[in-house]
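> what would the 3D arrangement of this be:
(chains A, B, C and D)
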2 protein chains.
Amino acid sequence: MATEALIERILAASDGPSSSAIDALHELLDDATIEASATPKSVAEAARLVGLSTHTLRYYEQEGLVRPARNASGYREYSAFDLRRLVFLARMRLSGMTMTDLKRYILLVEQGPSTIPERRRIMLDQQDRITRQIRELGLALETTEYKIRVYDGHPEG
Amino acid sequence: MATEALIERILAASDGPSSSAIDALHELLDDATIEASATPKSVAEAARLVGLSTHTLRYYEQEGLVRPARNASGYREYSAFDLRRLVFLARMRLSGMTMTDLKRYILLVEQGPSTIPERRRIMLDQQDRITRQIRELGLALETTEYKIRVYDGHPEG
DNA sequence: GCTTGCTTTCAAGCGCGCTCGAAGCTTTAG
DNA sequence: CTAAAGCTTCGAGCGCGCTTGAAAGCAAGC
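Predicted structure coming up:
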């Protein structure tokens, strides 16, 4: 299957220094990085760090996905824990998990360890979905590369 | 980067016989396969072959993305050419290209070879988007696999 | 010739996930 | 003291990509 080789190349090519929001997320998941900045973040700072809008962060809270503390004047304060939670939420959303499923999962998380078997099953499903998506993207990628080759005058490829 | 190894494994594991709609698309793009069945397809057959609904096929036609012929009673007849076009559309949609961009691209295609440079640029953009998506999915996959490992009692991973 | 199931067109509706706007409070800078 | 920037809640709005429904025509079997 040509897709495999393609994606391999792509990932290999993405090793250099990159500065996307995704890479910021990646750093954030590293506990060392996030623990180092122990001061809680405002909604705007948190939004910038995880690559979501402040509106979205408030929306997620309203939906029960995250529960930042509040300071004396009622302002949200996102802890390292909250930020890691947000990074998780962002990744699951980006990978196509629905808000409904995400709410269900977080509810289970907040219900304690007894829900671990069900949480595990949800993650296994999610893993399957992501794997399938990667394969689909591989096909789309082949298609675009084929078109590009043709447009470049090498229709034999 | 661990993502690379992960996706490599995933793609390697997807070598066996699989029967998803995506695989059907894959076969369809092979000209030999599609040329062999030279008889035009009804909207329902076409929909089944490319993994879209009949409603969606009519919608795509209405949006100018495909132009199937009509038989004596006004029924649509999808040729091999139309089917290949639909497979292309399905893949571009699945990979996140918007209807607006897709309409623009198809318009260029129908305007002839003089638009090839612009078409090429669109495909290059699309290639970038897909590559970025694959990297994002890699991170989401790492996250799910980490959770699963933890739930399986191996929190060291 | 009747029924069943496919097809047609057209316009309206919808579900998801935000996104925006209004009205008002707090903090910071000058 | 004032102005600007950022925060709060609330509810309404929206854009995308279909999806559905209605009303009617055509095709195949009994």
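> need the residues of chain A near DNA strand D, please.
Residues of chain A found near DNA strand D (CB under 7 Å from any atom of the strand) are A:42, A:43, A:44, A:45, A:54, A:58, A:70, A:74, A:75, A:76. The way it works is simple: take the backbone N, C-alpha and C, and place the C-beta from them, glycine included.
> out of those residues, which sit inside strands?
A:70, A:76 (DSSP state E).
> which members of the residues of chain A next to DNA strand D are the farthest-apart pair?
Of all pairs drawn from the residues of chain A next to DNA strand D, the greatest distance, 16.8 Å, lies between A:45 and A:74 (CB to CB).
> compare neighbour counts for these two and give me the winner.
Using other CB atoms under 10 Å in any protein chain shown as the criterion, residue A:45 and residue A:74 rank with residue A:45 on top: 15 against 6.
> packing partners of the helix or strand where residue A:135 lies?
Using DSSP states H and E, the element containing residue A:135 is helix A:116-151. In this structure, helix A:116-151 makes packing contacts with helix A:2-13, helix A:99-110, helix B:2-13, helix B:21-29, helix B:80-94, helix B:116-151, judged by 3 or more CB pairs under 8 Å, 6 or more residues apart in numbering or on different chains; DSSP states H and E.
> rank the ones you listed by mean pLDDT and give me the bottom one.
Sorting these by mean pLDDT places helix B:21-29 lowest, at a mean of 47.
> tell me the phi and psi of the spatially closest residue to residue A:140 that is not a sequence neighbour?
What sits nearest to residue A:140 in space, not counting adjacent residues and going by CB to CB, 6 or more residues apart in numbering or on different chains, is residue B:95, at 3.5 Å. Backbone torsions for residue B:95, taken as degrees, to the nearest 10, come to phi -90, psi 10.
> ok, the spatially most central residue of chain A - contacts?
Centroid-nearest residue in chain A, with CA atoms, centre = their mean: residue A:91, separated by 1.3 Å. Residues in contact with residue A:91 (CB atoms under 8 Å, 6 or more residues apart in numbering or on different chains) are A:25, B:136, B:139, B:140, B:143.
> for residue A:110, which residues are in contact?
Residues in contact with residue A:110 (CB under 8 Å, 6+ apart): none are found.
> cool, and residue A:137?
B:94, B:95, B:130, B:133, B:134, B:137.
> quick one: which of these is the most crowded by neighbours?
residue B:130 (29 neighbours).
> check the gap between it and residue B:51 for me.
The gap separating residue B:130 from residue B:51 is 19 Å, by CB to CB, to the nearest Å.
> please name the nearest non-neighbouring residue to residue A:122.
residue A:105 (5.3 Å).
> that neighbour against residue A:121, yeah?
No. With contacts counted by CB atoms under 8 Å, residue A:105 stays clear of residue A:121, the gap being 10.3 Å.
> please identify which of these two sits among more neighbours.
More crowded of residue A:105 and residue A:121, by other CB under 10 Å: residue A:105, with 22 against 12.
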